Structures are given as structure tokens and as C-alpha cells.
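Asker: coords please:
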Amino acid sequence: EDRRILNISRQNPFKMDLYNDSNPIVEETWEDITEMVNSACQDLAVGQLLHKEGYSLMEAMSAIEAMDPKMDSGVNYASFRDLDERLKLKALPLPDDKMSNGVLIDVMDHLLRCQATWFSGFSLCQTLFTCLYLHRSEMITNLYLRTFVFFLLKSCESIRSLVIKADVYEEEDFVTHTFGFSLCETISEEVLSAQFQKVEDSILPKIKLAKKNPKKLGAKGEKELEDLEGVWNRILFIRSFYTVQVHLDKPLCKGFEEARKLLVNCRTQFDCIANYRTLYGDIAESIQKKSDGKIKLEDIFDGQVARVMQGPAPSRVIPISTFESTKEIYDNLLDSLEHVTLLPLLRSFNMTTGLEFFICFSSSNPNVVARSRLHVSFISTNKILGKINVVDFIKDSMICSLVPPDIVALPSVQDFSEKISKSIVYCFRLLSLNRARQRRKIVRFLDDLVMMQTEASYVSDGESTEAEQQMDCWVTDLVIFFMIHFLKLGFELDLYHPTEYASLFWYLDYLHGVQKQTKTNVYKRFQEYTEEEFRLTGKKISPPFPMDILYIETTGTLYRALFRMIFALHCTFPQRNLPYSPFSTSLLPCANDENRFYSRFGHFHKLQQPQPLYYQQFKETSDTTELSVEEVILGTVDCFKSAKNLAEKMMQNVKNWSPFGIPVQTHNPNRTLSLYSTSLVTSIIKVCVTNLLQLQMIENQKNKKVPLDQIKAPALSFDINKDFASLKLQ
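Answerer: Take a look at the predicted model:
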């Protein structure tokens, strides 16, 4: 009946009654508005919308972007042939022992591409289950392909369970729906091991025999050996990849060391796969050539067939990742998983080091699989790393932040720690989200921070206010950490208009100044405490090197220099409307500067500390009427030189510094897990030097009496460091 109704709708989609064919059909008049819409598109500016009367916010939020591959299901009335029809017509190449190893390799590689595309946020029915063989894995009688598919689906089952358990994914990150397809949930580890043993007993003797007499192989024999090794590499890779998930799932991080070793094997095997693909190129062409044109990729993979098999499945065919993109996805995932295994090796495991680890981990934009693995590893069974009580973790973090132990031991601090424990756990979950969602969630998390500030004011040790001051400093440091992260994410996500850069650099300079003052007060109190302890007990306690204060001072000075640099250029080219000139309301006709200022910083006004800044303060600070252009430029140059000197001083201390307690070598040294890394400090120095050189070039041209209208004003770029702008000649 459904097929009959569908056929009627295809013939006349606007004249049908799904319930009674005898009912009279109500005639409807349809008018073609294509020409009107096309002419309207020419008149509408970016951001404008043509809509009917009464168009509401609800309708806008419910709208679907046309042709979006994840949201717009599309309409396609093409004819389909399901799995049974294909088998009946013998239109599906059977996955039996007659299938050559070369064709097997191409099928396996395309399945890896489909899995990588699934990692990118598309559904299973649009990716892996476009392969007809996976609809009934029992029909695969080829030993090699059957084993590969079992490990592939088991790895997908493990990853899907992980993502659901971590619950740090959003709709754009991952689709957990299986659409009724099987991921080999019922296959046990014993069956997998036995299956792999059969493959090993079958392939390895053949490879050894062929390598004993390589001269007798000939060109055809060498190609057969190459294909056999290629099949073996792919089975080894997917087995190692699945086994990594198994080891990472072990409680209390017990399998991390073994998983780190297996990740090395994964990279080695995938490099062999990539070399083979480089040699034989496109999979679709390769599979036809190897089968003499008898098999096409479309015979085995059909992007439309899942639509017929499952009603709720998206009908749009999506582009599967290229093999180059697939290699990049797997490389990034393996690097991220390696970094997760380093989590228990942190030199000092507390709030500060944990937050820095999460921030650095997130900065490389890992996919949802890696972020879920980090979150589940960090918080397991409501305990940190599965073994540390959250309240104890908070109190240990206070001690590591130089809060005196006798204050941490107070009953009021114990109560305070219990009240904020859920918020502390949530802040780590927040940092496990994708970067765009992090920024959204921080706005809501500010309410939790307000609660923490209020609770900190109730901490007391009797008549003295020392405990309250210590807790205030500790919470304020956490608040400023998230305020700075919130503003920095805006640069990374390209949310700011260039005219807003000056106010953002100004506010970031202020936040770093408050943070430095807070840290300095903590170090000062700790020094007084150690002197008192030494006087009473004779035990000397050496305070740690204030690396964090040096870093805060360096970045704060650089933000101050960038703020001054924008005004220096604004004053140097007064007749030009530079894209980043502050107060350039002509560039923003829809909103004035004050409204945009409060849209950026208004969220911070609910916080008790630090004191919020207002637009009028920014205007007063930005007033350069009493200064000459040369004085403004000179002040900017001095700021950049100070930031450069501080960064060079910092470089001397970070060369031999590591966040881990033991020597650790990672596969990708460019992905740092510490704020105090040589690569980061080097980029800060490069920003300072680049801006100094560009300012000097402008001054040289002015000294040569070159007219200002002939001097090219440099543009702002975030190529060197995504948090700090550098001048770039247009």
C-alpha cells in the first residue's frame, strides 16, 4: 500500500488522498514565483531576508538551510534496488574467496574512508552502511574481508558507546543513531581472536614462502605479494585500532601504556596503507582495473540504498572523505589519543594543570572521539581518573595554588569544596566540547562562577579574614581563566569585527593585569606563611618558580602593545577608514560602538570580581588628543620591546621544562600540551618582532617625506599566533 501511494504521489504529488481514492480532490492553484525570488536576490544585501507576514523567531530557528548535507534530506525519486533485488539479479559482486586481494584492498580502503567520514559528524547510513556487504555481514565468506569487517564494526560499536557515555557531543559532532543496522554487538572477543588467528595462519605462510625466493616471483608474483601484504596491513591496522579502544576502556587508566604502544603500530600500518594508495591512486578507477571492468565501486557502495532500508535515514548522498582527508583525520585522532594516554603522567595533578591540559588539548580541534575519550578518562565513576574524590581534588588544588594547608583544613573550606564540586566537574566537561560550544557554555557557566564567589565570601576561620581572602583569590583566578578563554575563542572562531579588536585587546590587558595582581598576592601570602613556619618549626619551604606570573605578564604586555598599535596606526592614517580603526561606526551601520561593546563584555557584569569595565572607560583610555602621533608610536614600540624581553626571559625557563613527571616524547612535537612551551613563546617573540619591523618601515617612509596617502597601511593577521595579531603588508 505504501508503494502504491508513493507511485501516485510521484505521478501527481499535489492531487492525492492517502486514505480514500473516491474522495473528491480539492483543486489547488500553484503560482511559479521563481522569477520573483531571483530578482529579489539581486536587491537583498547579506543578512536580509524575504519572508511572509508574521514570520517569527520560532520559524527562523526551525528553518533548514537548503542543500545542507547534514540537515536537508532532499528529494530524490530515483529508482532503487535493495540488497535482495541485487542478489536476485546477480548485480552484486559476491564477497567470496574468488574476489582478488587487489579488489579487497580497494573495498577496505573505501570502508576506512567511510569510517573517517562518520567521525566527522555524518550518520552511519550515509557512510559505512552505504556498503551493501555490511547490511548482512554473514554473507561475507571471504576470510580476509570478513575479519576486517568484524574489527571495523566492533571499533565503531566501541566508539559509539564511548561518545554516548561521555555525552560531550552536539548534533554537528556525531550521530549515534544506528538506523537498525548491526555493529556486531553479539560477537565476542573470543570469536574475534579466533577469526584473526585464522587470517594469520593463512596469510603469513604465503608471505614467507613468497619472500624466500623473490627472484622466481616475476612481475605478476611481485604484484600478488604486494597485494597480500596490503591486505595483511589493513587487517593489522583495524585490529590495532580496535585494541587501542579496548585498552583505553580499562578502569583507572591501567591500559594507557599498552595503548600508547599500539598507537605506534597503528601509525606504521597506516603509513603502509597510504603508500599503497599513492601508488595506485583513485579507488574507483583501481577497482575496475583490477577486476578487468567486471566490478565497479558503485556495485558495492550505494549512497541511496540506506534510504530504502530505513525510513528515518537521511536520503541525501554525501561526499565521502578523500583518502588524503581520511589520512589526516586518522593522524589527528591517533595523535589526540596519544595525548590522552599522557594525562596520568602530569607532574602535578591539580585544577591548574588539568585546565591547562584541557585547553591545550582542545586548541588542536580534536574530533568528538578524542574529546570523549579525554572526558571519560578524566572523570570516571564520579571520581578524577576513577580514583580521586572530587572534594579532595579541589583541596589538593588549593594547596598547589599556594593556599596554606591549615586554611584548607578548615571545616568551612570543606563545606565550600563540597558545594562547588559539581561546578568544578562541569567546567572540565565544558572544555571537552567543541570550540564553538565551549564559548556558548561559558556564558552559562558564569552563573556557577557567581555562586562560587558568593560561597567563598562565607568561608571563615574565626575572627580573621585570611581564609576568606585566600578563597576569594583562588576563585577569582578561576573566573579570570574562563573570562580570558571566552574572549580568545572569539578570535579563533572569527566572531569579531576588526573595529572591535582595540576594545578586546584593552579588556584582555586589564584581565591579565588583575590576574597578575591576584597571583602576586597569593605568592606574597605564601611567602609570609613559609617565613612563619620556619620561625616556629625551623622547616624551610621553598616557593616554586612563578612561571605563571611571568607568562601572564608577557601576554598582558603584548595585548597592551596591540591595543596601542591600533591607535598608533589610526593616528598615523587619520584620513583613511582602516578596517580595524576603533569607533568606525560607518563600517557597522546596524549597531553603534557602545552597543557592540556591551554585547561583548556585558556577560561579565554579573561577576563580583574582577570589577567590570564600561564603554566610557574605554573611550577615556583611548583618548590620544593630548599626545602627538610620534608619542603614541613610541609608547607602542616600548610595549612591544617589553613584551619581547619578557618572552625571551621566559624562553630561558621553558627550554628544560615539561608538564610531565617523566621524560615524554610525542609523535607530533608541534602539538603542545603546555602553555609554557617553546613553540608558543617563539610565536610570541615573532609577533613582537614582526610588528616592530612593520612600524619601523612606516616610520622610515614618513622620514623620507613620502605622502601618507601613498604609504600602504598594513592589515592585521593572526597567522603567527591565533591569539595575537601581527601586521601584514597588503
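
Asker: SS state for the residue positioned nearest the centre of the chain?
Answerer: Centroid check for the chain by C-alpha atoms, centre = their mean gives Asn365 as the closest residue, at 2.6 Å. Classification of Asn365 by DSSP: H, G, I helix; E, B strand; the rest coil places it in coil.

Asker: How about the contacts made by the residue nearest to it when sequence neighbours are not counted?
Answerer: Distances taken as C-beta to C-beta, 6 or more residues apart in numbering put Arg435 closest to Asn365, at 6.4 Å, once the chain neighbours are dropped. All C-beta atoms are positioned from the backbone trio N, CA, C, and that covers glycine. Counting by C-beta atoms under 8 Å, 6 or more residues apart in numbering, Arg435 touches 362, 365, 489, 492-493.

Asker: can you tell me the helix or strand for Ala647?
Answerer: helix 629-654 (DSSP states H and E).

Asker: Please name every helix or strand in contact with that helix.
Answerer: Here helix 629-654 touches helix 547-572, helix 678-703, going by 3 or more C-beta pairs under 8 Å, 6 or more residues apart in numbering; DSSP states H and E.

Asker: can you map out the strands along this protein?
Answerer: 379-380, 383-384, 715-721, 724-728 (DSSP state E).

Asker: hey, which of those is tucked in deepest?
Answerer: The highest mean neighbour count among the strands of the chain, using mean count of other C-beta atoms under 10 Å, belongs to strand 724-728: a mean of 22.

Asker: hey, C-alpha coordinates of that one in CSV?
Answerer: This file holds the C-alpha atoms of strand 724-728, laid out as CSV (Å, rounded to 0.1, in the frame of the first residue of the first chain):
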residue,chain,number,x,y,z
PHE,A,724,47.8,37.8,18.9
ALA,A,725,47.6,40.0,15.8
SER,A,726,50.5,40.9,13.7
LEU,A,727,50.8,43.5,11.0
LYS,A,728,51.0,42.3,7.4
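
Asker: For the closest residue to Met99 other than its chain neighbours, give me the backbone phi and psi.
Answerer: Nearest residue to Met99 in three dimensions, chain neighbours excluded: Asn142, at 5.6 Å (C-beta to C-beta, 6+ apart). Phi and psi for Asn142, reported as degrees, to the nearest 10, are phi -70, psi 120.

Asker: Give me the contacts around stretch 165-174.
Answerer: The contact list for stretch 165-174, computed with C-beta under 8 Å, 6+ apart, reads 70, 121, 163, 176, 367-368, 371-373, 375-376, 429, 432-434, 437.

Asker: one more time with 6 Å, if that's ok
Answerer: Here stretch 165-174 makes contact (C-beta atoms under 6 Å, 6 or more residues apart in numbering) with 121, 163, 368, 371-372, 375-376, 432-433, 437.

Asker: Widest-spaced pair of those residues?
Answerer: Greatest spacing in the contacts of stretch 165-174, by C-beta to C-beta: Gly121 and Val376 (19.3 Å).

Asker: Identify the residues contacting Ala259.
Answerer: 244, 247-248, 341.

Asker: Which of those residues sits closest to Arg444?
Answerer: Using C-beta to C-beta, these come closest to Arg444 at Leu248, 30.2 Å.

Asker: Same list (the helices and strands packed on helix 629-654) but as a markdown table, adding mean pLDDT and distance to Asp84.
Answerer: Converted to a markdown table, these look like this (pLDDT from 0 to 100; distance: least, C-beta to C-beta, whole Å):
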| stretch | mean pLDDT | distance to Asp84 |
| --- | --- | --- |
| helix 547-572 | 91 | 64 |
| helix 678-703 | 90 | 57 |
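
Asker: on that earlier part again, what about the contacts of Ala259, which one has the most neighbours?
Answerer: When neighbours are counted by other C-beta atoms under 10 Å, Val244 leads these with 26 neighbours.

Asker: That one and Arg260: what is the separation?
Answerer: For Val244, the distance to Arg260 (C-beta to C-beta, to the nearest Å) stands at 9 Å.

Asker: same question, Glu553
Answerer: Relative to Arg260, and taking C-beta to C-beta, Glu553 is found at 36 Å.

Asker: returning to that earlier point: among the strands of the chain, which is nearest Trp30?
Answerer: Nearest to Trp30, of those and by C-beta to C-beta, is strand 715-721 at 50.3 Å.

Asker: If you count contacts, what does that closest one end up packed against?
Answerer: helix 678-703, strand 724-728 (3 or more C-beta pairs under 6 Å, 6 or more residues apart in numbering; DSSP states H and E).

Asker: Does anything pack onto the shortest one? Which helices or strands?
Answerer: The one in question is strand 724-728. Counting by 3+ C-beta pairs under 6 Å, 6+ apart, strand 724-728 packs on helix 678-703, strand 715-721.

Asker: Tell me which of the ones you listed sits most buried.
Answerer: Highest mean neighbour count among these (mean count of other C-beta under 10 Å): helix 678-703, a mean of 18.
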